[in-house]
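S.K.: Let me see the structure of the following:
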Amino acid sequence: MTAMRLAMLGLAGFLLAGAAAPAEAARLDAGAALERSEAAVGTATGAHRLLRADGKPFSLAALRGRPLVVSLVYTSCSTVCPAGTETLKGAVAQARRVLGEDAFAVLTLGFDTRNDTPDRMAAFAIDHAIANDPLWHVATASPSVLQALLAELGFSYDGAAGGFEHVVQTTILDAEGRVYRQVYGDDYPVQVLIEPLKELVFGLTTRAFTPAALADRLRFLCTVYDPKTGRYKTDYTIFFEIGVGGLSLAVMGWLIVRLWRGSRRPALAESARGRR
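M.R.: Sure, this is the predicted structure:
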């Protein structure tokens with residue numbers, strides 16, 4: 001169980017000047033970190049004051065109104081954080097193709113309060129070709145804000161030999177800013193990220209019988225992952241099959257009724273002759 005939890009958590013090793021340091025005992029308890037992360041699901045995040053990579057302040061509350069994917073990194077990391085950002089970038093591209101370009105937003109947040117300056121965050125965004133994405137925000141914050149926000153997100157980390165030992169965690173917030181799902185690791189199947197977003201964007205239940213709500217429900221049911229191509233697609237085959245099946249049942253029912261009525265006529269006629 002411990003090995004499984006470690007794999008899920010993707011705890012980063014000790015980093016020193018971009019190179020892995022000799023193996024040492026982990027500072028974080030994997031089980032406790034996983035429990036803390038999962039316990040955060042359902043927690044509402046505050047309207048925290050963040051600082052964009054261009055140095056301009058903004059409120060986390062300004063990003064509400066659509067689901068938000070929060071990626072936690074530190075810019076001096078040379079392995080896990082860059083790899084996780086590239087994985088996220090690929091998953092985001094696929095998600096936008098099936099959910100819509102503006103269906104959700106992304107926030108890459110630097111948690112190293114000493115080194116993750118706006119300039120460093122800007123350089124990180126340029127390195128990963130996300131700097132010009134209007135719905136991909138790159139930011140940092142003051143130590144007190146980060147402490148409060150990371151607690152709400154259930155994120156665990158500890159300083160270690162020139163870097164950090166931390167949970168490789170991507171958090172999905174709903175449109176109201178509540179923690180909806182945690183995604184672990186720096187390399188995960190795209191379904192792990194896209195399925196929760198699909199639930200949030202299209203909805204698990206139809207809230208109103210309006211054309212838009214019903215269309216969203218239809219898209220939710222018909223947006224499926226194709227393991228052969230490794231991509232999502234819209235597949236209306238299920239409704240075609242349901243329609244054909246329903247039509248077949250209707251035809252069979254009609255034939256049974258006709259046969260039943262046909263067999264009743266001679267019996268009724270014979271009964272009428274007997275009464276005469």
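S.K.: Next secondary structure element downstream of the strand or helix carrying Val92?
M.R.: Assigned by DSSP states H and E, Val92 falls within helix 80-99. Downstream of helix 80-99, the first helix or strand assigned by DSSP H and E is strand 105-110.
S.K.: any residues touching that next one, and which ones?
M.R.: For strand 105-110, contacts defined as Cβ atoms under 8 Å, 6 or more residues apart in numbering pick out 50, 60, 63, 66-75, 85, 88, 92, 116, 120-121, 124-125, 130, 133, 135-141, 146, 149. (Glycine included, C-beta is placed from N, CA and C.)
S.K.: And the next helix or strand after it, what does it pack against?
M.R.: If you walk from strand 105-110 toward the C-terminus, the next helix or strand you reach (DSSP H and E) is helix 118-127. Counting contacts by 3 or more Cβ pairs under 8 Å, 6 or more residues apart in numbering; DSSP states H and E, helix 118-127 is packed against strand 105-110, strand 136-140.
S.K.: Please repeat the previous calculation with a cut-off of 6 Å.
M.R.: strand 136-140 (3 or more Cβ pairs under 6 Å, 6 or more residues apart in numbering; DSSP states H and E).
S.K.: what's the angle from the strand it packs on to helix 118-127?
M.R.: Computed by axes from the mean of the first three to the mean of the last three Cα atoms, to 10 degrees, the angle separating strand 136-140 from helix 118-127 equals 150 degrees.
S.K.: Quick one: mean pLDDT for stretch 157-174?
M.R.: Taken as a whole, stretch 157-174 has an average pLDDT of 89.
S.K.: and it, how far apart are its ends?
M.R.: Taking Cα to Cα, to the nearest Å, the first and last residues of stretch 157-174 lie 24 Å apart.
S.K.: strands paired with the helix or strand encompassing Phe164, and their directions?
M.R.: Using DSSP H and E, Phe164 falls within strand 163-166. Strand 163-166 pairs in its sheet with strand 157-160 (antiparallel), by DSSP bridges.
S.K.: What number of residues are in the vicinity of Ala32?
M.R.: 11 (other Cβ atoms under 10 Å).
S.K.: ok, for it, nearest residue in space, not its chain neighbours?
M.R.: Distances taken as Cβ to Cβ, 6 or more residues apart in numbering place Ser156 nearest to Ala32, at 7.7 Å, with adjacent residues excluded.
S.K.: Need the phi and psi values for that neighbour.
M.R.: Ser156 has phi and psi values of phi -110, psi 140 when expressed as degrees, to the nearest 10.
S.K.: okay, now it: neighbour count?
M.R.: Neighbour count of Ser156, defined by other Cβ under 10 Å: 23.
S.K.: Then Glu101?
M.R.: Look at Glu101: counted by other Cβ under 10 Å, it has 10 neighbours.
S.K.: Relative to Arg66, how far out is it?
M.R.: For Glu101, the distance to Arg66 (Cβ to Cβ, to the nearest Å) stands at 11 Å.
S.K.: Can you tell me how far Arg36 is from Leu150?
M.R.: 10 Å.
S.K.: returning to that earlier point: right, and the residue nearest to Ala32 touches Leu34 too?
M.R.: No. Under the criterion of Cβ atoms under 6 Å, Ser156 is not in contact with Leu34, lying 8.9 Å apart.
S.K.: Can you tell me the closest non-neighbouring residue to Ala61?
M.R.: Among residues not flanking Ala61 along the chain, Ala47 sits closest, at 3.6 Å (Cβ to Cβ, 6+ apart).
S.K.: Which per-residue confidence value corresponds to that neighbour?
M.R.: pLDDT recorded at Ala47 is 97.
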